[in-house]
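coords please:
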Amino acid sequence: MIIFVIEAVALCVLFHLAILSQVRQEPARKVYGYHPAIVERYIELGKIPDKKNPSTLERVKKKFPAAIVLGILLGVVVYFVNGSRSFLSGFLVSYGLWLIVDWYDAIVIDILWLCHSKTYILPGTEDMTEVYHDYGYHIKGSCVGMLIGLPVCLLIGFVVQVISWIAG
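As a prediction, this is how the structure comes out:
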């Protein structure tokens with residue numbers, strides 16, 4: 001259990017650092033992660049081209065190779081570090097870690113930090129305080145994140161099971 005807690009904390013720290021690295025990016029590069037009303041305002045202001053948010057299929061295609069590599073690497077970690085030896089154990093450990101990071105993102109990063117940070121308010125949207133404080137949008141995103149984690153964690157469970165079969 002102590003290994004699980006250490007992993008969860010480490011993953012949350014790494015995720016937080018990844019978010020911090022985005023602070024330096026151009027707002028137009030990260031705008032599609034904002035509430036749809038903010039995206040619309042940004043388009044109206046001419047800050048980004050009038051194009052739709054990339055479709056779910058486009059995003060899945062773009063991230064699919066990384067998800068496969070991540071699933072395999074984390075399957076190896078869950079087998080050797082966490083001691084998981086079955087599909088179910090590998091899936092449950094990895095999904096537990098996924099949920100912790102997902103909830104950390106929704107509650108700590110999105111709701112407690114980004115919703116109240118002037119750093120993340122896009123120029124021209126300063127008057128949209130109510131939209132920035134729409135916590136339901138972030139909770140909905142977390143629920144979607146929980147669903148996205150299922151196939152990745154199923155792959156991790158499969159990798160753990162395959163390693164167990166190979167290790168005999």
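
Mind telling me what element Asn82 is part of?
Following DSSP states H and E, there is no helix or strand that holds Asn82.

lowest-pLDDT helix or strand in the protein?
Across the helices and strands of the chain, mean confidence by mean pLDDT, DSSP states H and E is lowest for helix 27-30: a mean of 66.

Return the set of buried residues in the helix or strand following that helix.
Per DSSP H and E, the first helix or strand lying C-terminal to helix 27-30 is helix 36-44. Using 16 or more other C-beta atoms under 10 Å as the test for burial, helix 36-44 gives Ile38, Val39, Arg41, Tyr42. Where C-beta positions appear, they are placed from N, C-alpha and C, glycine not excepted.

I figured the first one hits Gly124, correct?
No - the pair Ile38 / Gly124 is not scored as a contact, 9.5 Å apart, by C-beta atoms under 8 Å.

Need the max-distance pair from the buried residues of helix 36-44.
The span of the buried residues of helix 36-44, defined through C-beta to C-beta, is set by Val39 and Arg41 at 7.3 Å.

From the chain's centroid, how far away is the strand or helix carrying Phe91?
According to DSSP H and E, Phe91 maps onto helix 87-103. Offset of helix 87-103 from its chain centre (C-alpha atoms, centre = their mean, to the nearest Å): 13 Å.

Which phi and psi values does Gly46 adopt?
For Gly46, the backbone dihedrals are phi 80, psi 20 (criterion: degrees, to the nearest 10).

So Glu7 sits against Leu97, correct?
Yes - the criterion here is C-beta under 8 Å, and Glu7 meets it with Leu97 at 6.0 Å.

higher neighbour count, these two?
Leu97 (23 against 20; other C-beta atoms under 10 Å).

right, and the more buried one touches Phe4 too?
Yes - taking C-beta under 8 Å as the definition, Leu97 is a contact partner of Phe4 at 7.3 Å.

Next SSE downstream of the helix holding Phe91?
Going down the chain from helix 87-103, the next helix or strand is helix 129-132, by DSSP H and E.

Go through whichever helix or strand comes after that following helix and flag the buried ones.
Using DSSP H and E, the helix or strand that directly follows helix 129-132 along the chain is helix 135-167. Residues of helix 135-167 classed as buried: 137-138, 141-142, 145, 148-149, 152-161, 163-164 (neighbour count, 16+ other C-beta under 10 Å).
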